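*Asks:* Predicted structure and sequence below. I'll ask about it afterward.
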Amino acid sequence: MSAPAEANQRGYWGSGLGFVLAVVGSAIGLGNIWRFPTEVGENGGGAFVLVYVIATFLIGVPVMLAELALGRKTQRNPVGAFRSLAPKSGWGLAGGLGVLTGLIILSFYSVVAGWTLKYTWIAVTGSLHGATPETISATFTNFIRDPWAVLTCHLLFMVITIRIVLGGVQRGIERAAKILMPVLFGLLLLLVVRSLTLPGASEGLSFYLKPDFGKLDSVVVLKAVSQAFFSLSLGIGAIITYGSYLSPKHDLVSSALTVSFFDFFIAFLAGLAIFPALFSVPGLTPDAGPGLIFVVLPNIFNAIPLGNLFGAAFFILLAIAALTSAISMLEVVVAFAIDELGWNRRRAAIAAGSVIFLLGIPSALGNGAVPFFSGTLEFANQIFGGMALVVGALLVSLFVGWKWGVGNAVEELERGRGTFRLRTVWGFLIRFVCPLAILTILLQLLRG
Ligand code: PHE
């Protein structure tokens, strides 16, 4: 395939700002507002949060730089990126793991994103307006038990994702994200203020922010680290892929820092909105699992004037945030099919999207609709959203640190910016700290 034809199929970002917005769009999504509070709630609160923060900046940011450098240097999908820097080696498999993981993560991600579509509708129609906490909880349980409702929402979300990916990278979505993300941020602030002023808020606050180190074990640490990767879109090659659409004039280092900071901040605010409110509602516990935000948030909206309106706006924005993340996951698979299999964008997007929809059916139905599939969503979320990302990030850091080489990577990071002053620190982190930290956690887990 000739270079220009390939560039046409693959596409490029319109501008540097467009790129940063697209990466922010990829990073900020259900990972911040749904997965983060759920994990914090299930894994003991403050201690988890502390490990998550450390992991984000000490391991996540360096790996993000490594993925960006890999992507821009090679202008390839994850498989092609590893292969082109280490031909005739097994490293392509590391990219392959990412593509596979992306397929599976998106399959359940789309199910939860479908729930947010349903909740937009619930808020618009006002059907939970003034409802008791019991009714709110029962509404969620009944919804996820209804096979047709959950499948329709999952399908709808995948169809929208496919449609946007069909259009290629330049069109529309970056611009939409630019306007919508600040609005989401504003609404989140509103929720935080209301949540913090509810009776009982301080109990929630201390659960969220006061670390109880007795609750830390290797499983909790692994989950906090993998949450950092999940939230930053690392470990499946999404950032490699987005970096591959980037021209040499952009500054990778400041992009990575900006994105990581916003990503962390939004997750942090989501926790501040959820936990104080949670403790103010009798009968709710932090370990409610994947339904947590759907049973907590409607209670907050009911305690706010014009709550329906804010609720509708919030859930629609959450769906859009999920969409910009889902696009980046589908894009990994599509870029792989375009570069490596020679497919056109249309075929790649429709085929991959359909497979993902089908893969997601057990996760959609496994929450009470079909007992046989019970627990699929949690399982996929834990193994692929957790473990596989960590392994993916380990491979990226080993590859960049030891195979491709820190010197080459730094050269790429310095293109479009000039000296990268923390190059030595970064080199140390990516060669030693990231792989050793990840390996230690994985070994601890294996030992039981
Ligand atoms: N970071 C996204 C979120 O927080 C999810 C994601 C994971 C996107 C992995 C791409 C790759 O919702």
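*Replies:* Alright, I've got the coordinates.
*Asks:* Quick check: which ranges of the chain have low pLDDT?
*Replies:* 1-15, 168-178 (pLDDT under 70).
*Asks:* got the residues of it near the ligand?
*Replies:* Residues of the chain lying near the ligand by Cβ under 6 Å from any ligand atom: 26-27, 29-32, 105, 230-231, 233, 236, 238, 325, 328-329. In this view, the C-beta of every residue, glycine as well, is placed from N, C-alpha and C.
*Asks:* which residues does the closest residue to the ligand within the stretch 1-150 of the chain contact?
*Replies:* The ligand sits closest to Gly31 of the stretch 1-150 of the chain, with a gap of 2.0 Å, by Cβ to the nearest ligand atom. Listed by Cβ atoms under 8 Å, 6 or more residues apart in numbering, the contact set of Gly31 reads Gln227, Phe230, Ser231, Ser233, Ala267, Ser325.
*Asks:* what's the burial count for the first one?
*Replies:* What that stands for is Gln227. For Gln227, the count of nearby residues is 29 (other Cβ atoms under 10 Å).
*Asks:* In contact with it, which residues?
*Replies:* So Gln227 contacts Gly31, Arg35, Phe36, Glu39, Tyr52, Ala55, Gly386 (Cβ under 8 Å, 6+ apart).
*Asks:* Show the contacting residues for the fifth one.
*Replies:* Translated: Tyr52. Counting by Cβ under 8 Å, 6+ apart, Tyr52 has contacts Phe36, Val40, Ala224, Val225, Gln227, Ala228, Ala267.
*Asks:* For these, pick the one with the most neighbours.
*Replies:* So for these (other Cβ under 10 Å), the most neighbours sit at Ala228, 32 neighbours.
*Asks:* what's the closest non-adjacent residue to that residue?
*Replies:* Ala55 (3.9 Å; Cβ to Cβ, 6 or more residues apart in numbering).
*Asks:* Return the residues in contact with the one you found.
*Replies:* Contacts of Ala55 by Cβ under 8 Å, 6+ apart are Ala224, Val225, Gln227, Ala228, Phe229.
*Asks:* That one is in what secondary structure piece?
*Replies:* Per DSSP states H and E, Ala55 falls inside helix 46-55.
*Asks:* Kindly tell me how buried the residue of the stretch 251-400 of the chain found nearest the ligand is, as a neighbour count.
*Replies:* Nearest residue of the stretch 251-400 of the chain to the ligand: Ser325, at 3.9 Å (Cβ to the nearest ligand atom). Ser325 is flanked by 27 other residues according to other Cβ under 10 Å.
*Asks:* contacting residues around the closest residue to Met387 other than its chain neighbours?
*Replies:* Residue nearest to Met387 in three dimensions, not counting chain neighbours: Ser226, with 6.9 Å by Cβ to Cβ, 6+ apart. Shown in contact with Ser226 (Cβ under 8 Å, 6+ apart): Gly385, Gly386, Met387, Leu389, Val390.
*Asks:* ok, 7 Å please
*Replies:* Ser226 sits next to Gly386, Met387, Leu389, Val390 when contact means Cβ atoms under 7 Å, 6 or more residues apart in numbering.
*Asks:* where's the third one, which helix or strand?
*Replies:* Under DSSP H and E, the secondary-structure element containing Leu389 is helix 389-398.
*Asks:* Next one: the residue of the stretch 251-400 of the chain closest to the ligand relative to Leu389, how far apart?
*Replies:* Plainly put, Ser325 is 13 Å away from Leu389 if you go by Cβ to Cβ, to the nearest Å.
*Asks:* now the strands for the stretch 151-300 of the chain?
*Replies:* Shown for the stretch 151-300 of the chain, no strands are assigned by DSSP state E, counting those that start in this stretch.
*Asks:* which residues in it form helices?
*Replies:* 173-196, 201-209, 218-231, 238-244, 252-280, 292-302 (DSSP state H, counting those that start in this stretch).
*Asks:* winner for burial among these?
*Replies:* helix 238-244 (a mean of 29; mean count of other Cβ atoms under 10 Å).
*Asks:* From the contact counts, what lies against that one?
*Replies:* Helices and strands touching helix 238-244, by 3 or more Cβ pairs under 7 Å, 6 or more residues apart in numbering; DSSP states H and E, are helix 16-27, helix 61-74, helix 78-85, helix 307-341.
*Asks:* mind redoing it with 8 Å?
*Replies:* If contacts are counted by 3 or more Cβ pairs under 8 Å, 6 or more residues apart in numbering; DSSP states H and E, helix 238-244 sits against helix 16-27, helix 61-74, helix 78-85, helix 92-125, helix 307-341.
*Asks:* which is the next helix or strand following the first one?
*Replies:* When you say that, I think you mean helix 16-27. helix 30.
*Asks:* who touches that following helix?
*Replies:* Counting by Cβ under 8 Å, 6+ apart, Tyr109, Val112, Ala113, Thr116, Leu318, Ala321, Ala322, Ser325 sit against helix 30.
*Asks:* Buried among those? Make that a PyMOL selection.
*Replies:* Buried members of the contacts of helix 30, defined by 16 or more other Cβ atoms under 10 Å, are picked up in PyMOL with:
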select buried, resi 109+112+113+116+318+321+322+325
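*Asks:* Name the member of the contacts of helix 30 with the shortest distance to Arg421.
*Replies:* Of all these, Ser325 has the smallest distance to Arg421: 31.2 Å, by Cβ to Cβ.
*Asks:* Enumerate every residue touching that closest one.
*Replies:* Gly25, Ser26, Ala27, Ile28, Gly29, Leu30, Gly31, Tyr109, Ser233.
*Asks:* nearest residue to the fifth one other than its sequence neighbours?
*Replies:* For Gly29, the nearest residue in space outside its immediate sequence neighbours is Ser325; the separation is 3.1 Å by Cβ to Cβ, 6+ apart.
*Asks:* And for the closest residue to Asp287 other than its chain neighbours, the neighbour number?
*Replies:* The shortest distance from Asp287 to any non-neighbouring residue, by Cβ to Cβ, 6+ apart, is to Glu42 (4.8 Å). Neighbourhood size, Glu42 [other Cβ under 10 Å]: 18.
*Asks:* surely Glu42 meets Gly291?
*Replies:* No. The criterion here is Cβ atoms under 8 Å, and Glu42 misses it with Gly291 at 11.8 Å.
*Asks:* and whatever helix or strand Trp148 lives in, which residues are buried?
*Replies:* Secondary structure from DSSP H and E places Trp148 in helix 147-166. Across helix 147-166, burial judged by 16+ other Cβ under 10 Å covers 149-151, 153-158, 160-162, 164-166.
*Asks:* again with stretch 134-141
*Replies:* Buried, per 16+ other Cβ under 10 Å, within stretch 134-141: Ile136, Ser137, Thr139, Phe140.
*Asks:* With stretch 118-135 instead?
*Replies:* By neighbour count on 16+ other Cβ under 10 Å, the buried set for stretch 118-135 is Lys118, Tyr119, Thr120, Ile122, Ala123, Leu128, Ala131, Pro133.
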